[in-house]
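# Generate coordinates for the sequence data below:
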Amino acid sequence: MIKTVNREDVGKIQMVDLQTQYQNIKEQVDNNIQEVINTGAFINGPFVKRFAIELAIYNNVHHVVPCANGTDALQLAMMALGLKPGDEVLVPVHTYVATAEVIALLQLEPVFVDVDPELFTIDVTQLEDKVTPKTKAIVPVHLYGQCADMESIMKFAKKHDIYVIEDTAQAIGADYTFSDGTEVKAGTIGHIGCTSFFPSKNLGCFGDGGAMLINDDELAKKAQMIASHGQSVKYHHDVVGCNSRLDTIQAGVLLAKLPHLDTYNANRAYVAKIYNRAFAEVPQIKTPKRADYSTHVFHQYTLIVDGVDRDALKDKLQEKGVPSMIYYPVPLHFQKAYVKEEFGEGSFPVTESLSKSVLSLPIHTEMKEEQQQYIIQSVLSSIEELS
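You can find the predicted model right below:
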């Protein structure tokens with residue numbers, strides 16, 4: 001039985017409550033920021049190297065190469081792997097634009113693949129039909145906080161001798177279990193794992209930040225060199241690179257947060273569990289399906305709405321003070337920058353359906369019980385009003 005909670009008793013509800021999270025670790029965050037200011041080591045300061053080491057230990061990966069943001073991480077990964085203009089890269093069509101954006105930016109060819117209708121990750125059953133002699137890489141996206149079917153993807157990649165670049169911006173800390181029982185962290189399975197420290201991420205800084213997770217020593221050296229103007233020795237530029245650095249202040253913030261990442265992920269999973277229980281018997285809602293090979297860190301809690309108008313439900317929730325988001329409302333093949341004549345309506349039916357039916361509810365590490373109860377009762381009452 002869900003208790004009734006009044007709107008005025010729950011305060012402002014946000015998709016992500018970064019302020020309360022900050023207040024709980026304020027002393028360590030403030031101390032780290034002040035230390036950077038005191039030392040003046042704003043660029044490539046000691047916190048950057050220390051964070052890279054501690055994140056590598058957390059993920060049990062040989063190298064972490066920090067960079068300016070998650071999009072840069074994807075770009076640097078493709079440059080480090082030596083992908084050339086015209087090479088084709090398989091990518092799910094239901095994802096944030098950044099994944100495809102860097103492919104196009106490097107004059108590679110994004111090849112869209114539809115996604116699993118319940119897990120939202122790339123549909124591995126469609127991969128063989130997408131391969132051509134030009135296919136050089138695949139970018140599985142661990143969408144919403146749960147890993148793609150990496151065991152199948154790695155077998156596919158090995159068969160066709162192509163690179164695997166994991167986009168784990170939404171799934172840092174998730175565990176993947178292979179059929180032989182081997183357990184690894186998301187982002188450490190493919191040739192390079194790319195992540196983002198955007199503030200709302202499960203491990204977020206106070207601005208932009210990103211990193212690559214790499215086990216291969218030589219590949220890590222090359223990625224580091226490309227991120228630093230193509231130089232391994234100051235003023236000696238061996239390859240064309242770019243300038244992509246993690247600020248020392250952001251590294252200080254991330255160092256303060258990293259010890260809490262498992263707790264943050266557990267708190268999100270608990271919130272998801274409460275949502276699942278509340279919506280289990282609601283026919284107009286399909287709660288997130290869990291893959292048996294991956295834990296879920298619930299960067300997003302994303303429902304499929306069926307039987308009532310999704311957009312009307314979103315509006316109803318907004319009227320009641322409950323924010324919600326649609327990730328993502330326009331499939332990549334309908335975005336003007338990526339439109340192709342051969343990909344019209346019906347080309348990627350699962351993604352097109354999801355773009356009209358998914359709805360993400362507030363989920364974060366500091367969710368109060370009464371706030372979540374208010375969100376739940378608002379969803380239930382809105383559905384009743386719309387049915």
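
# So, low pLDDT: which residues of this protein?
Scanning the chain for pLDDT under 70 picks out the ranges 1-3.

# residue closest to the middle of it?
residue 170 (2.0 Å; C-alpha atoms, centre = their mean).

# For the residue nearest to that one when sequence neighbours are not counted, which residues are in contact?
In this structure, residue 170 finds its nearest non-sequential neighbour in residue 299, 4.0 Å apart by C-beta to C-beta, 6 or more residues apart in numbering. No exception for glycine: its C-beta is placed from N, CA and C like everyone else's. For residue 299, the contacting residues are 144, 145, 170, 171, 201, 202, 268, by C-beta atoms under 8 Å, 6 or more residues apart in numbering.

# roughly how far apart are the fifth one and residue 223?
Taking C-beta to C-beta, to the nearest Å as the measure, residue 201 falls 20 Å from residue 223.

# Comparing the two, which shows the higher neighbour count?
residue 223 (24 against 19; other C-beta atoms under 10 Å).

# The more buried one reaches residue 215, doesn't it?
No - contact criterion C-beta atoms under 8 Å: residue 223 and residue 215 do not qualify, at 11.8 Å.

# Quickly find the element holding residue 281.
According to DSSP states H and E, residue 281 maps onto no helix or strand at all.

# For residue 287, see how far away it is.
Distance from residue 281 to residue 287, by C-beta to C-beta: 11 Å.

# which one of those two has more residues nearby?
For residue 281 and residue 287, the more surrounded residue by other C-beta under 10 Å is residue 287, and the numbers stand at 17 against 7.

# how close does that one get to residue 205?
With C-beta to C-beta as the criterion, residue 287 and residue 205 are 31 Å apart.

# most neighbours, which of the contacts of residue 299?
Most neighbours among these, by other C-beta under 10 Å: residue 171, with 33 neighbours.

# can I assume that one is in contact with residue 147?
Yes - with contact defined as C-beta under 8 Å, residue 171 counts as touching residue 147 (6.1 Å).

# which neighbours do those two share?
residue 186.

# Contacts only, for residue 177.
183, 293, 294.

# rerun at 10 Å
The contact partners of residue 177, taken as C-beta atoms under 10 Å, 6 or more residues apart in numbering, are 147, 150, 151, 183, 184, 291, 292, 293, 294, 295.

# Quick one: neighbours of the closest residue to residue 312 other than its chain neighbours, just the number.
Of all residues not flanking residue 312 in the chain, residue 386 sits nearest, at 5.6 Å (C-beta to C-beta, 6+ apart). By the measure other C-beta under 10 Å, the count of residues near residue 386 is 16.

# Also residue 119?
Neighbours around residue 119, by other C-beta under 10 Å: 20.

# Could you confirm it falls within a helix?
No - Residue 119 is assigned coil when assessed by DSSP: H, G, I helix; E, B strand; the rest coil, not a helix.

# measure it to residue 293 for me?
Distance from residue 119 to residue 293, by C-beta to C-beta: 10 Å.

# Name the residues contacting each of these two.
With C-beta under 10 Å, 6+ apart, residue 119 and residue 293 have common neighbours 146, 147, 148, 149.

# Which of those ranks first by neighbour count?
residue 148 (33 neighbours).

# ok, now how distant is it from residue 9?
Residue 148 is 41 Å from residue 9, by C-beta to C-beta.

# One more: residue 17?
From residue 17 to residue 9 the distance is 16 Å (C-beta to C-beta).

# Next: residue 341.
Relative to residue 9, and taking C-beta to C-beta, residue 341 is found at 55 Å.

# which one of those two has more residues nearby?
The residue with more neighbours, out of residue 341 and residue 9, is residue 9; 9 against 5, by other C-beta under 10 Å.

# Residue 369 is in contact with the more buried one, correct?
No - with contacts defined as C-beta atoms under 10 Å, residue 9 does not count as touching residue 369, sitting 11.6 Å away.

# in the stretch 151-300 of the chain, which spans are strands?
Along the stretch 151-300 of the chain, the stretches classed as strands by DSSP state E, counting those that start in this stretch are 163-167, 175-177, 183-185, 192-196, 210-214, 231-233, 236-237, 285-286.

# Mind putting those into JSON lines with distance to residue 48?
What follows is the strands of the stretch 151-300 of the chain, written out as JSON lines (distance: least, C-beta to C-beta, whole Å):
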{"stretch": "strand 163-167", "distance to residue 48": "22"}
{"stretch": "strand 175-177", "distance to residue 48": "26"}
{"stretch": "strand 183-185", "distance to residue 48": "21"}
{"stretch": "strand 192-196", "distance to residue 48": "15"}
{"stretch": "strand 210-214", "distance to residue 48": "10"}
{"stretch": "strand 231-233", "distance to residue 48": "17"}
{"stretch": "strand 236-237", "distance to residue 48": "21"}
{"stretch": "strand 285-286", "distance to residue 48": "42"}
